[in-house]
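1. fold the following and give me the result.
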Amino acid sequence: KNRKKGFIMAIINDDVKAIRERISSMCSNAESVLNLCMSGFLKYKAELLDDAQRISKSVHDEENEILGVLSSMKKSDEADKALIKSLSVVTGHIELSTDIMDNMIRHIRVILNEKILFSDKAVKEVTQLFKETLDVLKTAGDAIVTKNEVLRKHILDKYESVSKLVSEYSEEHEERLVMGICTPRNASLYLNIVDSQLKVVTHIKQAIERYFSQ
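-> Have a look, this model is predicted:
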């Protein structure tokens, strides 16, 4: 009986390792989506957004496949059930972060189609947030494979940093709107992109917290 249990645990461990690698790959693909969003925004190239959407679809498809594999895995005890549930939640958060990027792609398309120009200050702020969020996604992919505590803390610290930046940028932008320096249309698009970065980081932070709690 013990040999059989050990055999089942070995299978589960191998399956879990493969799933972790696939979840890490999801983070890498999400990072690519966001990088293409940033490039499309900065270079005014819609084809980069098309590439972003294609990769985004692969992230959504991968989530469905991973959840299917997790639901079919043998669960020998409550610990296995808890682990599988945790991995499912982590996968869901990464997919939700990509949902937010899909919305961002739509807003950046509006900027390109309507030839809307942001001020140098707004572009600098948006670019800074893109870079901070890209760093979170890259670190998350590594953290899922290694379960390194230093990487977990880095993501939590980055979440605090991005939250503070988004709050500062949003307040300053609202002041520019009130003063008539920025149009309501530009403000709406700017705030959507800025807020989207925080939402992405929030989902990744929640994924990592859940992952490390198991």
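2. okay, now the unreliable bits of this structure?
-> For the chain, the stretches with pLDDT under 70 are 1-13, 76.
3. quick one: contacts of stretch 128-145?
-> With Cβ atoms under 8 Å, 6 or more residues apart in numbering as the test, stretch 128-145 has contacts from 20-21, 23-25, 27-28, 30-31, 34-35, 37-38, 41, 90, 94, 97, 148, 151-152, 154-155, 158-159, 161-162, 165-166, 169, 193-194, 197, 200-201, 204-205, 207-208, 211-212. For glycine as for every other residue, the C-beta is placed from the backbone atoms N, C-alpha and C.
4. now, of these, which are buried?
-> The neighbour-count test (16 or more other Cβ atoms under 10 Å) marks 20, 23-25, 27, 30-31, 34-35, 37-38, 41, 90, 94, 97, 151-152, 154-155, 158-159, 162, 165-166, 169, 193-194, 197, 200-201, 204-205, 207-208, 211-212 as buried among these.
5. among the residues you listed, which are located in helices?
-> Among these, DSSP state H puts 20, 23-25, 27, 30-31, 34-35, 37-38, 41, 90, 94, 97, 151-152, 154-155, 158-159, 162, 165-166, 169, 193-194, 197, 200-201, 204-205, 207-208, 211-212 in helices.
6. residues near the residue nearest to Glu95 when sequence neighbours are not counted, how many?
-> Once flanking residues are discounted, Glu95 sits nearest to Glu63: 3.9 Å by Cβ to Cβ, 6 or more residues apart in numbering. When neighbours are counted by other Cβ atoms under 10 Å, Glu63 registers 21.
7. residue contacts, Glu63?
-> Here Glu63 is in contact with 26, 91-92, 94-95 (Cβ under 8 Å, 6+ apart).
8. ok, of the residues you listed, which come out buried?
-> Here, 16+ other Cβ under 10 Å leaves 26, 91-92, 94-95 buried among these.
9. buried residues, stretch 50-65. List them.
-> Applying 16+ other Cβ under 10 Å to stretch 50-65 flags 51-53, 55-56, 59, 62-63 as buried.
10. now these in JSON lines, with secondary structure?
-> Listed next are the buried residues of stretch 50-65 as JSON lines, based on DSSP: H, G, I helix; E, B strand; the rest coil:
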{"residue": "Asp51", "secondary structure": "helix"}
{"residue": "Ala52", "secondary structure": "helix"}
{"residue": "Gln53", "secondary structure": "helix"}
{"residue": "Ile55", "secondary structure": "helix"}
{"residue": "Ser56", "secondary structure": "helix"}
{"residue": "Val59", "secondary structure": "helix"}
{"residue": "Glu62", "secondary structure": "helix"}
{"residue": "Glu63", "secondary structure": "helix"}
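11. could you dump the residues you listed into a markdown table and include distance to Thr133?
-> Formatted as a markdown table, the buried residues of stretch 50-65 follow (distance: Cβ to Cβ, whole Å):
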| residue | distance to Thr133 |
| --- | --- |
| Asp51 | 18 |
| Ala52 | 14 |
| Gln53 | 18 |
| Ile55 | 16 |
| Ser56 | 15 |
| Val59 | 15 |
| Glu62 | 20 |
| Glu63 | 19 |
